[in-house]
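>>> Dropping the sequence and predicted coords here.
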Amino acid sequence: MWTCDFAGCGKPAVRNLGNCILCNRHLCSQHLQYGVHECPKWEVTSPLRGGIPCSGPPLQYDRVTRSSVMGGMNYHIEVCFDDGIRWIARVRRFNATSSPAVLQNYIVQSEVATFKFLERTGVPAPKLFYFALDNEDNSVVVGYILMEKLHGKSLRWSLATQEQRRMMEQLADVFVELSKYPFDRLGSLHCLNDIHVSAFARESLTDFVQSEMRTMGPFSSLEEYHKSEIRLILDLILREEIYSQQAVDAYLIHRFLLDLVPIALSKLVQDDQRYYLKHADDKGDHIMVDEDFHITGIIDWEWAHTAPPTHAFNSPIGLLPVAEFYRGTNNLGSNEITFARILGEKSRPDLEGLSGTDGFLGLFQGLRDAAKVDDGVDWDGWKSAALYRYREDTGLQLLLCRHGNLVSEG
């Protein structure tokens with residue numbers, strides 16, 4: 001498919017394994033070998049630290065260790081100063097799945113604002129040193145954030161068998177600290193003259209109409225937020241931008257969810273319009289720990305947003321019995337119960353009760369059972385009823401005509 005990009009070589013490049021996504025080159029079997037292919041080195045003098053020279057390690061793509069330097073959205077490059085100080089350069093990945101630069105810049109600005117807010121708290125997080133956006137004034141060409149490199153490694157919950165309760169106690173301390181800083185709106189943090197809540201900084205909550213970015217929020221109530229999010233999804237389905245292969249099913253489900261919002265919210269603790277910062281990707285590897293599983297910091301604050309206490313202080317995804325949820329089970333897992341009790345023990349009983357399918361169909365069944373709406377009905381029975389229930393919905397009618405389906409009258 002490709003020829004080798006190594007100077008003077010015209011051999012065919014190795015497919016897949018020969019594609020270096022760091023230096024954007026295709027390599028043959030010879031030049032792919034370790035010690036032959038090395039990504040370009042770089043050395044600079046940093047004005048941010050009084051001209052102390054710094055450099056980065058050779059950027060070598062290694063499928064075994066790539067998770068330590070590359071996440072789903074960003075590269076993490078170690079910046080090494082001659083006096084031993086280590087920083088991290090957080091650089092957005094760029095490929096066909098990347099969002100437009102204007103949205104990437106907005107997300108970076110929100111993450112920067114989040115770091116600035118966290119500096120005012122007792123939450124252990126990397127210190128922010130500098131950032132640049134993706135624009136023509138940026139000599140590096142891509143947007144990036146320079147931050148402190150924290151000691152330790154990302155948590156692997158399954159390895160912390162003897163230390164899990166101590167880990168939960170430390171994480172509960174983080175939640176208690178965040179509970180001291182309420183906000184009055186739902187959205188992501190932003191910083192112009194001061195830190196405030198602005199529109200959500202996340203791809204899934206952003207629309208583009210004729211190349212113009214349209215963000216969502218901020219919102220003053222949970223109902224307003226959930227309904228706006230679902231309406232955006234319904235619109236994207238009609239525009240064939242998402243769920244293009246299951247458009248009718250996806251539309252029916254989200255149309256049902258739109259009706260479910262006020263019912264579900266009525267069963268929650270009353271929305272007192274006090275919202276708290278929530279990490280948006282808390283599956284466990286956002287926690288840095290040392291050799292003894294002491295938390296050294298919380299990283300990856302991209303997409304962070306404010307949320308009601310029922311969401312902000314519930315158990316992190318890493319503690320949830322995910323396999324049980326996919327089977328449609330709504331029971332709390334043992335780790336969730338333990339974490340809730342720990343929050344209660346830390347003199348925050350108001351937070352204690354908050355930590356709490358075979359494929360998607362199991363999840364959807366569990367949702368309906370929990371809400372006591374259309375519960376006990378299998379997928380085929382529910383879909384048949386939903387098609388009739390929403391038969392007057394113009395969006396559904398459009399999809400059914402588009403896909404050649406009809407709604408039965410009974």
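Arrived safely. Predicted model only: the values in this text are computed from it and were never measured.
>>> residues contacting the residue nearest the centre of the chain?
By C-alpha atoms, centre = their mean, the chain has its centre lying nearest to D281, at 4.3 Å. Taking C-beta atoms under 8 Å, 6 or more residues apart in numbering, we find D281 in contact with 300, 302-303. To be clear about C-beta, it is placed using only N, CA and C from the backbone, and glycine gets the same treatment.
>>> cool, G187 as well?
Shown in contact with G187 (C-beta under 8 Å, 6+ apart): 197-200, 217-219, 305-306.
>>> Show me the residues you listed that map onto strands.
197-198, 305-306 (DSSP state E).
>>> Pull the number of nearby residues for M168.
Neighbour count for M168, taken as other C-beta atoms under 10 Å: 22.
>>> so how far is L343 from it?
9 Å (C-beta to C-beta, to the nearest Å).
>>> Remind me which helix or strand W87 belongs to.
For W87, the host element (DSSP states H and E) is strand 86-92.
>>> What strands line up against that strand, and which way round?
Sheet pairing of strand 86-92 (DSSP bridges) gives strand 74-81 (antiparallel), strand 144-148 (antiparallel).
>>> Any buried residues in it, and which?
Under the neighbour-count criterion of 16 or more other C-beta atoms under 10 Å, strand 86-92 has 87-92 buried.
>>> Single out whichever of the residues you listed has the smallest pLDDT.
Least confident of the buried residues of strand 86-92 in the model: R92, at 80.
>>> Isn't it up against Q104?
Yes. Using C-beta atoms under 8 Å, R92 is in contact with Q104, at 5.5 Å.
>>> remind me which residues of the stretch 101-250 of the chain are low pLDDT?
Residues of the stretch 101-250 of the chain that meet the criterion pLDDT under 70 lie in 160.
>>> cutoff 80 now
Applying pLDDT under 80 to the stretch 101-250 of the chain flags the ranges 136, 138-142, 156-163, 192.
>>> And the helices in it?
Using DSSP state H, counting those that start in this stretch, the helices of the stretch 101-250 of the chain run over 101-118, 164-178, 222-238, 247-266.
>>> Any idea which of these gets closest to T310?
For the helices of the stretch 101-250 of the chain, the distance to T310 is smallest for helix 222-238, at 9.0 Å, taking C-beta to C-beta.
>>> For the ones in strands among the contacts of G187, pick the one with the most neighbours.
Of all those, H305 has the most neighbours under the rule other C-beta under 10 Å, reaching 27 neighbours.
>>> list the contacts for that one?
186-189, 200-202, 277-278, 280.
>>> hmm, try it at 6 Å
Neighbouring residues of H305 by C-beta atoms under 6 Å, 6 or more residues apart in numbering: 188, 200, 278.
>>> residues contacting the nearest residue to it once chain neighbours are set aside?
Excluding its sequence neighbours, the residue lying closest to H305 (C-beta to C-beta, 6 or more residues apart in numbering) is S188, at 4.8 Å. Contacts of S188 were listed using C-beta under 6 Å, 6+ apart, and they are 110, 200-201, 305.
>>> ok, 10 Å please
106-107, 109-111, 113-114, 197-202, 205, 215-218, 277, 280, 302-306 (C-beta atoms under 10 Å, 6 or more residues apart in numbering).
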